[in-house]
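Undergrad: 3D model of this:
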Amino acid sequence: MTRERTRPKSLWRRIERWMVGVAMGVMAFVLEKVVVRAVKKGEAARQEAKAPEPTTLTSRGGEVDL
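TA: Down below sits the predicted model:
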């Protein structure tokens, strides 16, 4: 079932929809940049973190380094 339009879209309506589309595109671009920067910053922080010191476990009287 298709709906028929009673009148064509006005010029103002087309301009308004175009402006909303551009604004949404800009917001998506900015949010993507923020997320990528946060991910890169998180990776750098993980690389800077020191590995924990190896622990010594005793098994059947012998020492095992992990």
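Undergrad: switch to C-alpha atoms for all contacts and neighbour counts from now on
TA: OK.
Undergrad: list the buried ones in stretch 14-28?
TA: Neighbour counts over stretch 14-28 (16 or more other CA atoms under 10 Å) mark no residue as buried.
Undergrad: going forward can the numbers begin at 39, since that is how I track them
TA: New numbering, starting at 39: the last item is stretch 52-66.
Undergrad: tell me the mean pLDDT over it?
TA: Model confidence over stretch 52-66 averages 96 on the pLDDT scale.
Undergrad: What distance do you get for K79 to I53?
TA: Computed as CA to CA, to the nearest Å, the K79 to I53 distance reads 39 Å.
Undergrad: Likewise for G80?
TA: Distance, G80 to I53, by CA to CA: 41 Å.
Undergrad: By mean pLDDT, point me to the weakest helix or strand of this protein.
TA: Here the helix or strand of the chain ranked lowest by mean pLDDT, DSSP states H and E is strand 100-103, holding a mean of 61.
Undergrad: what's around V73, how many residues?
TA: Burial of V73, expressed as a neighbour count using other CA atoms under 10 Å, amounts to 11.
Undergrad: Just say helix, strand or coil for it.
TA: When the structure is reduced to helix, strand and coil (DSSP: H, G, I helix; E, B strand; the rest coil), V73 reads as helix.
Undergrad: residues in contact with W56?
TA: Shown in contact with W56 (CA atoms under 8 Å, 6 or more residues apart in numbering): no residues.
Undergrad: mind checking which helix or strand it is in?
TA: Counting by DSSP states H and E, the secondary-structure element that holds W56 is helix 49-86.
Undergrad: now K47
TA: Here K47 is assigned to no helix or strand, by DSSP H and E.
Undergrad: ok, K47 - contacts?
TA: Under the criterion of CA under 8 Å, 6+ apart, K47 has no neighbours.
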